[in-house]
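Asks: Quick one: sequence and predicted model below, then my questions.
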Amino acid sequence: MRVFLDNAATTPLDPEVIAAMTDAMQNLPGNPSSIHKEGRTARTAIEEARKTIANILNVSIGEIFFTSGGTESNNTALKCAVRDLGVERIISVKTEHHAVLHTLDCLKKHNGTEVVYLNIDNRGKVDLEHLENLLQDSETKTLVSIMHSNNEIGTLNDLARISEICEENNAYFHTDTVQTVGYFPLDFDKIKVSFATGSAHKFYGPKGIGFLYINNDNLIKPFIDGGAQERNMRGGTENIYGIIGMGKALQKAVDNMEVRMAYLHDLRTYLMQKLTENFEDVRFNGDYDGNFHPKVLSVSFPPSAKAEMMLFNLDISGISASGGSACSSGIDVGSHVLAAVGEGAGRATIRFSFSHHNTKEEMDYLTEKLRKCTPVKVAAAV
Ligand SMILES: Cc1ncc(COP(=O)(O)O)c(C=O)c1O
């Protein structure tokens, strides 16, 4: 038995997405930039996917740019804002994904961009008064970069409120929505953002394809020089099959959003109950009973001789989970997110992240296997 509980790292391809991509691979051989029939047919398929994504986010078609994924989209937004929009200061949070944090390090080092981190509490919630004060106290051209959902602990940020604060203070707003596109309704006509990012493999689409939303008011120069693709902004023949797969996956995620989200909530609550009933000194990280993404449950177990080997032992038992963010798995550097919220020292932290394919039986199986890895409650030790 294999139980995949690492869906914040990536999700399996939806069979309908595979079918749409396979069909395109077989029937759309043309280069979308060619003007003959094969080219025009391929172009039409790309533009249909762009329209699907734009409609879902309630933005103009020309505001969606295809990229290789969340990392490229975040890099592009932040680097182009400094290069082309005169941004001299970026305000962000230490719990952002490395695709943002390492980009900020790079901008600081090579462009002299001032980088300021906001205070957060021990659930990873951002201090919005701190943000307001920083913006009110300075005339420096500023971009605020705050993610929607944290990928390790699932804490959600209030995009509507952050957007208002940015608008009131004339600041640009970039948000990494990689974990929430396809899970939460996102309406960028209502909630004004300058940039937002998405990645298909987080919502049952293919890996290596994503998008960047750039609000029309922001005049960015090309980010990859070459051909005239992506309205001159990103040269290179498009990843047509990835784009088609992403459009299909996002449409399906949105069509099934309510049902899938209710299912995730239920499953997560079930696992929380099981863990609390069965194990000693279990802690949940992030804003776990407040404003959270139901896809993610970060759990800390007490220090024990077996704690260090927990992930390894679960894997051997057929369960895939993660020790933090998947993007740094394999390199034991500890989690910057858990460090930022003050959790983790000596304790074993595991991120379980769910999909609508997971079942309560799988949660029972996980609980059973965990009993061999961490102290069991006396009453439950039957
Ligand atoms: C919040 C967040 N941002 C960005 C990324 C990077 O996305 P990609 O894998 O598409 O480059 C991830 C992937 O884990 C993520 O969780």
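Replies: Happy to help now that I have it. Numbers count the residues shown, from 1 in each chain.

Asks: residues of stretch 40-54 that come out buried?
Replies: Across stretch 40-54, burial judged by 16 or more other C-beta atoms under 10 Å covers 41-43, 45-46, 49-50, 52-54. C-betas here are computed from N, CA, C, even on glycine.

Asks: where does the chain come near the ligand, residue by residue?
Replies: 69-71, 97, 99, 147, 151, 176, 178-179, 199, 210, 326-327 (C-beta under 6 Å from any ligand atom).

Asks: and those as a markdown table, adding secondary structure and neighbour count?
Replies: Shown next, in a markdown table, are the residues of the chain next to the ligand (DSSP: H, G, I helix; E, B strand; the rest coil; neighbours: other C-beta atoms under 10 Å):
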| residue | secondary structure | neighbour count |
| --- | --- | --- |
| 69 | coil | 23 |
| 70 | helix | 27 |
| 71 | helix | 21 |
| 97 | coil | 24 |
| 99 | helix | 21 |
| 147 | coil | 27 |
| 151 | coil | 28 |
| 176 | strand | 30 |
| 178 | coil | 26 |
| 179 | coil | 27 |
| 199 | strand | 29 |
| 210 | strand | 27 |
| 326 | helix | 19 |
| 327 | helix | 15 |
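
Asks: just how off-centre is stretch 292-299 within its chain?
Replies: Centre-to-centre, stretch 292-299 and its host chain are 13 Å apart (C-alpha atoms, centre = their mean, to the nearest Å).

Asks: How about stretch 186-200?
Replies: For stretch 186-200, the distance to the chain centre is 13 Å (C-alpha atoms, centre = their mean).

Asks: pull the CA atoms of it into CSV?
Replies: Presented in CSV, the C-alpha positions along stretch 186-200 are these (Å, rounded to 0.1, in the frame of the first residue of the first chain):
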residue,chain,number,x,y,z
LEU,A,186,-9.4,34.3,-6.5
ASP,A,187,-10.8,37.4,-8.1
PHE,A,188,-8.1,39.9,-9.0
ASP,A,189,-10.7,42.4,-10.3
LYS,A,190,-12.0,42.7,-6.7
ILE,A,191,-8.7,42.1,-4.9
LYS,A,192,-6.2,44.3,-6.6
VAL,A,193,-2.7,42.8,-6.9
SER,A,194,0.2,43.9,-9.1
PHE,A,195,1.5,40.3,-9.6
ALA,A,196,0.3,36.8,-8.7
THR,A,197,1.8,33.4,-9.5
GLY,A,198,0.5,29.9,-10.2
SER,A,199,1.9,26.5,-10.9
ALA,A,200,0.0,23.7,-12.6
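
Asks: hmm, back to that, in terms of model confidence, name the weakest of the residues of the chain next to the ligand.
Replies: Least confident entry in the residues of the chain next to the ligand, by pLDDT: residue 326, with 41.

Asks: Would you mind listing the residues in contact with residue 252?
Replies: For residue 252, the contact set (C-beta atoms under 8 Å, 6 or more residues apart in numbering) comprises 14, 16-17, 204.
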